[in-house]
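Chemist: let me see the structure of the following:
(one chain, ligands or ions: 1)
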Amino acid sequence: MTHYSIVLLPGDGIGPEVVREARLTLEALAPRFDLDFSFDTHLMGGCAIDEHGNSLPDSTLLACQCVDAVLLGAVGGPKWDNPHAADRPERGLLALRKGLNLFANLRPVKLFPELIGASALKEEVLAGVDLLVIRELTGGAYFGPRQEAGASGEEAYDTMLYTRPEIERVVRVAAVAALQRRRKLASVDKANVLASSRLWRRVAVEVLKDYPDLEVEHVLVDAMAMHLIRRPASFDVIVAENLFGDILTDEAAMLAGSMGMLPSASLGDVMNTHGLPLGLYEPIHGSAPDIAGKGIANPLATILSTAMLLRHSLGQEAAAQAVEDAVARALAAGYRTRDIAGFDAPEKHVEVVSTEAMGAIVRGFLTEATA
Ligand code: NAD
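Modeler: Predicted coordinates:
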């Protein structure tokens, strides 16, 4: 039996509701795959500001640095929205990414056939969409030198600063991911205008010579924004710097129609006790304060985040696939949370279920499939 230690950061809003189902999912599959998990729950985000006056208490960061993987729900909400507050929930998230040196954010976008109607795009455009967008997470304009307001108060700037090693390491993550998939990689930049993008292009071209089996294209970010809507199925892995990646990942998420379905992983160069990246796993959605506490949140994005955790930080590919299969079977059987209901053909039998019921249904398929 292999032992894994995991920190849970339920966070705010619906975070605790969806993280509970994710934890139960891991516990349900443990005996079947001969795994043993220990879970340690810590505060981060708004709840940590309330309790400790700090969105990322030292004890939380330390706990995260000492485990095999971290699973996060979501942080934030109207209670902590004051832009002039000394601390905000999102600061905790940025500090956690920095503290774990998580420089690559992976967002797969795979469409479940049952939910194709939830997307604003036409079915024929969406057919075959299976993307992985990799966003550089600790560089660029979000971390470069900035000035909020000049002497006049009417001037501000941010600096999109990149170094060769920052570009090289994330492009290598993308190249390795593409080799494990359909061997296609699109590197995004704005090399016709931005100096940092010209460096990005130059380093990407050099690094990708080490991966001759890949089919590589370099795409300007404005063109990529268009291609993602026009021919999303033609892409496999896409890699982009922080700001471009932030925008493109949200655009790509909309292909899937619902925020409640998409997982993410953030990886860096800190290795866990198993020699694999110590990653942070979380759904892409926020804390959804409008539905918190109502028992209607969709837990599937967080459950699918456990599949990414099993794959990338624990090296348990079979268990990861079992989770993904169980989710697919729950959808195929007609179970929906409220956010993904109403998109099926009228003849399809659909049952709208609660957060807890959806978790239990996935666990039912998971234990049945692996028995
Ligand atoms: P949101 O993702 O929380 O919600 C957007 C809409 O999608 C809402 O109508 C919500 O009810 C719905 N939704 C989201 N997740 C859902 C789920 N699992 N099941 C069913 N419906 C779901 O985005 P927002 O409203 O812009 O932000 C709310 C708060 O979350 C803000 O404080 C924001 O800063 C924070 N936020 C946090 C993260 C994070 O923790 N990584 C990410 C984005 C937003």
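
Chemist: so what's the residue count around the closest residue to the ligand within the stretch 51-200 of the chain?
Modeler: Across the stretch 51-200 of the chain, the shortest distance to the ligand (Cβ to the nearest ligand atom) belongs to G76, at 2.7 Å. Every residue, glycine included, has its C-beta placed from N, CA and C. Neighbour count for G76, taken as other Cβ atoms under 10 Å: 23.

Chemist: S119 too?
Modeler: The number of residues packed near S119 is 19, by other Cβ under 10 Å.

Chemist: which residues touch it?
Modeler: Each residue near S119 by Cβ atoms under 8 Å, 6 or more residues apart in numbering is listed here: 111, 126, 254-257.

Chemist: return the residues of the protein in contact with the ligand.
Modeler: 14, 18, 74-77, 90, 93, 259-260, 282, 285-291, 297-298, 301, 339 (Cβ under 6 Å from any ligand atom).

Chemist: can I assume the residue of the stretch 51-200 of the chain closest to the ligand is in contact with D12?
Modeler: Yes. Assessed by Cβ atoms under 8 Å, G76 is found in contact with D12 at 5.9 Å.

Chemist: what residues are shared contacts of these two?
Modeler: Common neighbours of G76 and D12 (Cβ under 8 Å, 6+ apart) are 45-46, 89, 287.

Chemist: top of the residues you listed by neighbour count?
Modeler: In terms of neighbours by other Cβ under 10 Å, the shared contacts of G76 and D12 top out with G45 at 31 neighbours.

Chemist: for that residue, which non-adjacent residue is spatially closest?
Modeler: Spatially, and ignoring its direct neighbours in sequence, G45 is nearest to V75 (2.8 Å; Cβ to Cβ, 6 or more residues apart in numbering).

Chemist: wait, that neighbour sits on P16?
Modeler: No. Contact criterion Cβ under 8 Å: V75 and P16 do not qualify, at 11.4 Å.

Chemist: tell me which of those two has more neighbours.
Modeler: V75 (30 against 20).

Chemist: tell me the pLDDT at the more buried one?
Modeler: Looking at V75, its pLDDT stands at 97.

Chemist: over to the one 4 residues further on?
Modeler: Reported pLDDT at K79 in the predicted model: 95.

Chemist: still on that earlier bit, which ones are touching the residue nearest to G45?
Modeler: 11-12, 15, 44-46, 55, 89-90, 92-93, 287.

Chemist: could you rerun that using 7 Å?
Modeler: With contact set as Cβ atoms under 7 Å, 6 or more residues apart in numbering, V75 has these partners: 11-12, 15, 44-46, 89-90, 92-93, 287.

Chemist: repeat for V125
Modeler: Taking Cβ under 7 Å, 6+ apart, one finds P232 in contact with V125.

Chemist: so who does the closest residue to the ligand within the stretch 151-300 of the chain touch?
Modeler: Closest to the ligand within the stretch 151-300 of the chain is G286: 2.5 Å, counting by Cβ to the nearest ligand atom. Contact partners of G286, counting by Cβ under 7 Å, 6+ apart, are 74, 76.

Chemist: so H218 sits against R201, correct?
Modeler: Yes. H218 is within contact range of R201, at 5.9 Å (criterion: Cβ atoms under 7 Å).

Chemist: more neighbours: which of these two?
Modeler: R201 (20 against 16).

Chemist: what's downstream of whichever strand or helix holds that one, the next helix or strand?
Modeler: If you go by DSSP states H and E, R201 is part of helix 195-208. Per DSSP H and E, the first helix or strand lying C-terminal to helix 195-208 is strand 215-220.

Chemist: what sits opposite L8 in the beta ladder?
Modeler: With DSSP bridges as the criterion, L8 is bridged to T41, L71.
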